[in-house]
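**Q** Starting from these lines, generate the structure:
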Amino acid sequence: MNQTLSRLIRQARPNGASRQLPSTPISPLPPLLLPRRQNFSPEIFKSSLPWHGARRASPSSPSLASKSLGRRQSHPEFRIQNLPQLPSTPPINQPHRCPFPTHHTIPPEILQSPHPSDLPASPTMPSAAALVPACDLEEPLLAESSDRFSMFPIRFPQIWEFYKKAVASFWTAEEVDLSADARHWDAALSPDERHFISHVLAFFAASDGIVLENLASRFMSDVQVAEARAFYGFQIAIENIHSEMYSLLLETYIRDGAEKDRLFRAIETVPAVRRKADWAMRWIDGGERFAERLVAFACVEGIFFSGSFCAIFWLKKRGLMPGLTFSNELISRDEGLHCDFACLLYDLLRGKLDESRVREIVADAVDIEREFVCDALPVALVGMNGALMSQYIEFVADRLLMALGHKKMYNVANPFDWMELISLQGKTNFFEKRVGEYQKASVMSSLSGGAAANHIFSIDEDF
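**A** As a prediction, this is how the structure comes out:
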């Protein structure tokens with residue numbers, strides 16, 4: 001072999017050139033680029049792969065590769081230096097040592113666990129049960145039960161009655177005629193009245209979305225009684241109709257595209273609306289007891305809407321905006337039912353709030369609503385007295401406190417006698433106009449075992 005190499009070198013050297021080899025040693029060859037006839041062991045091949053190698057050995061250490069090249073390394077024309085050591089593959093039952101920095105090292109429990117489900121839970125991701133206050137787990141309304149998947153048997157007849165009332169009061173946005181409203185908007189309302197109505201509708205459109213968010217993400221998960229979940233399911237449906245109705249009203253009244261877009265995004269663009277929305281949203285995202293959140297959203301639907309409802313009824317008293325005022329009758333009736341249902345659930349809770357805590361929540365809601373309808377969006381714009389409106393909000397708050405089983409806080413009378421007429425149960429000719437108090441008779445008669453419950457045709461209905 002030495003003679004063959006010498007002959008090849010002489011043939012490649014120009015005539016007269018020195019036979020002295022260059023002093024610069026030849027760079028070491030990677031293991032995979034060694035001559036083909038060199039025999040490799042499986043260990044050398046595996047250790048040369050990037051995912052098999054751990055920390056390389058020092059250049060001065062002997063290696064399997066250098067030993068296998070013994071005869072070539074000894075030849076003066078093949079001086080291979082600084083060949084790195086290539087360790088053998090670790091046993092199969094030992095984890096490989098990661099060649100990356102320690103902060104990128106995969107945890108041993110992940111490497112050794114054959115199933116991800118066997119891994120320990122992350123300490124930063126508590127379970128859903130850990131987010132529920134301990135006192136809520138003892139409430140019959142909130143205790144998890146497989147009975148929630150079947151409607152019957154009814155456990156709470158009072159809750160079932162509220163559900164049937166909600167079904168009997170169902171309506172759709174198509175039932176409201178807005179043809180006369182467009183004429184009144186242009187000819188009968190002042191700029192201040194238009195400003196007030198548009199911003200009230202903007203708040204209503206946004207607030208119904210917040211109520212929907214709370215029902216879908218919190219209350220439907222909290223309450224485990226089937227009939228209560230049925231009511232909440234129907235409330236979600238009717239809140240969607242409210243939101244559709246308010247959007248149709250804004251679409252009818254506001255013709256400027258930029259202004260319409262601003263009002264549809266009132267939570268972001270109108271500071272007075274944003275403050276009310278922020279107060280309601282904090283109860284969705286917080287970890288308070290169910291009783292606290294229940295009282296808070298009773299305030300949203302019982303207090304936050306009261307001043308605006310009253311102002312719209314004031315327009316009805318003046319004979320303006322029939323479509324707006326009729327939809328206001330329907331929606332205010334629905335919101336009153338939702339508020340009463342919250343009071344019923346609160347009454348059924350074993351662990352009620354302290355008197356001071358309930359007063360604190362209600363007083364906070366009163367202050368925000370008073371600021372909204374008396375300062376930020378004053379009812380004086382529609383010809384109402386701001387001081388009387390403030391008193392009316394306090395009157396509504398006292399009524400809510402009593403419905404929750406607590407004492408009055410403001411002790412004021414209703415300053416608007418005409419508002420009492422709104423809540424009276426009245427009847428008009430059904431064929432002339434469907435009134436806001438209308439309920440489907442067949443639905444309600446099922447609660448008392450009437451003709452509809454027995455599937456018997458009857459012609460003695462009172463129209």
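
**Q** show me where pLDDT drops low in the chain?
**A** 1-138, 148, 421-463 (pLDDT under 70).

**Q** Go again with 50.
**A** Scanning the chain for pLDDT under 50 picks out 21, 29-40, 42, 44-81, 83, 89-90, 92-130, 423-433, 436, 451-463.

**Q** Need the three-state assignment for Phe395.
**A** Put simply, Phe395 is helix when judged by DSSP: H, G, I helix; E, B strand; the rest coil.

**Q** need the contact list for Glu292.
**A** Shown in contact with Glu292 (Cβ atoms under 8 Å, 6 or more residues apart in numbering): 283, 353, 357, 361. In this view, the C-beta of every residue, glycine as well, is placed from N, C-alpha and C.

**Q** All the helices of the stretch 301-450 of the chain, in order from the start?
**A** 306-317, 322-348, 355-371, 386-403, 418-422, 441-445 (DSSP state H, counting those that start in this stretch).

**Q** mind saving the C-alpha coords of stretch 401-419 as CSV?
**A** What follows is stretch 401-419, C-alpha atoms only, in CSV (Å, rounded to 0.1, in the frame of the first residue of the first chain):
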residue,chain,number,x,y,z
LEU,A,401,-84.1,45.4,48.5
MET,A,402,-87.5,44.4,49.9
ALA,A,403,-87.9,41.7,47.2
LEU,A,404,-84.5,40.3,48.3
GLY,A,405,-85.8,40.1,51.9
HIS,A,406,-83.9,43.2,53.2
LYS,A,407,-84.9,46.5,54.6
LYS,A,408,-85.4,49.7,52.6
MET,A,409,-82.4,52.0,52.4
TYR,A,410,-83.8,55.3,50.9
ASN,A,411,-87.4,55.3,52.2
VAL,A,412,-88.8,57.5,49.3
ALA,A,413,-92.1,57.5,47.5
ASN,A,414,-92.6,57.0,43.8
PRO,A,415,-92.4,60.6,42.3
PHE,A,416,-94.0,59.5,39.0
ASP,A,417,-97.6,58.4,39.6
TRP,A,418,-98.1,57.6,36.0
MET,A,419,-95.5,54.9,36.2
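
**Q** neighbours around Ser150, how many?
**A** By the criterion of other Cβ atoms under 10 Å, Ser150 has 8 neighbours.

**Q** Next up, the contacts around the residue lying closest to it once chain neighbours are set aside.
**A** Leaving aside its chain neighbours, Ser150 sits nearest to Ala226 (6.5 Å; criterion: Cβ to Cβ, 6 or more residues apart in numbering). Ala226 is in contact with 147-151, 155, counting by Cβ under 8 Å, 6+ apart.

**Q** out of the contacts of Glu292, who's nearest Cys299?
**A** Distance to Cys299, by Cβ to Cβ, is smallest for Ile361 among the contacts of Glu292, at 6.3 Å.

**Q** can you put the helices of the stretch 301-450 of the chain in CSV and add mean neighbour count?
**A** Formatted as CSV, the helices of the stretch 301-450 of the chain follow (neighbours: other Cβ atoms under 10 Å):
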stretch, mean neighbour count
helix 306-317, 21
helix 322-348, 20
helix 355-371, 18
helix 386-403, 20
helix 418-422, 14
helix 441-445, 16
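
**Q** Quick one: closest of the ones you listed to Ala143.
**A** Relative to Ala143, the nearest member of the helices of the stretch 301-450 of the chain by Cβ to Cβ is helix 322-348, separated by 12.5 Å.

**Q** got the angle between that closest one and helix 306-317?
**A** Using axes from the mean of the first three to the mean of the last three Cα atoms, to 10 degrees, the direction of helix 322-348 lies 150 degrees away from that of helix 306-317.

**Q** Does Phe152 belong to a helix, a strand or coil?
**A** Per three-state DSSP, Phe152 ends up coil.

**Q** Could you tell me how far it is located from Asp354?
**A** 37 Å (Cβ to Cβ, to the nearest Å).

**Q** Can you name the two of the contacts of Ala226 that sit furthest apart?
**A** Maximum distance among those (Cβ to Cβ): 13.3 Å, for Phe149 and Arg155.

**Q** the more surrounded of these two?
**A** More neighbours surround Arg155 than the other of Phe149 and Arg155, with 16 against 8 (other Cβ under 10 Å).

**Q** got a list of what that one touches?
**A** Arg155 sits next to 147, 225-227 when contact means Cβ under 8 Å, 6+ apart.

**Q** In helices, which of these appear?
**A** 226-227 (DSSP state H).

**Q** Of the contacts of Arg155, which qualify as buried by neighbour count?
**A** In the contacts of Arg155, burial by neighbour count holds for 225-227, counting by 16 or more other Cβ atoms under 10 Å.

**Q** Just put those residues in TSV and tack on distance to Arg265.
**A** Output for those, formatted as TSV (distance: Cβ to Cβ, whole Å):
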residue	distance to Arg265
Val225	37
Ala226	37
Glu227	37
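
**Q** hang on, the earlier thing: mind giving me CSV with the contacts of Glu292 and columns for distance to Phe170?
**A** Below are the contacts of Glu292 laid out as CSV (distance: Cβ to Cβ, whole Å):
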residue, distance to Phe170
Trp283, 27
Leu353, 33
Arg357, 35
Ile361, 31
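
**Q** Among the residues you listed, pick out the one closest to Leu404, please.
**A** Using Cβ to Cβ, the contacts of Glu292 come closest to Leu404 at Leu353, 8.8 Å.
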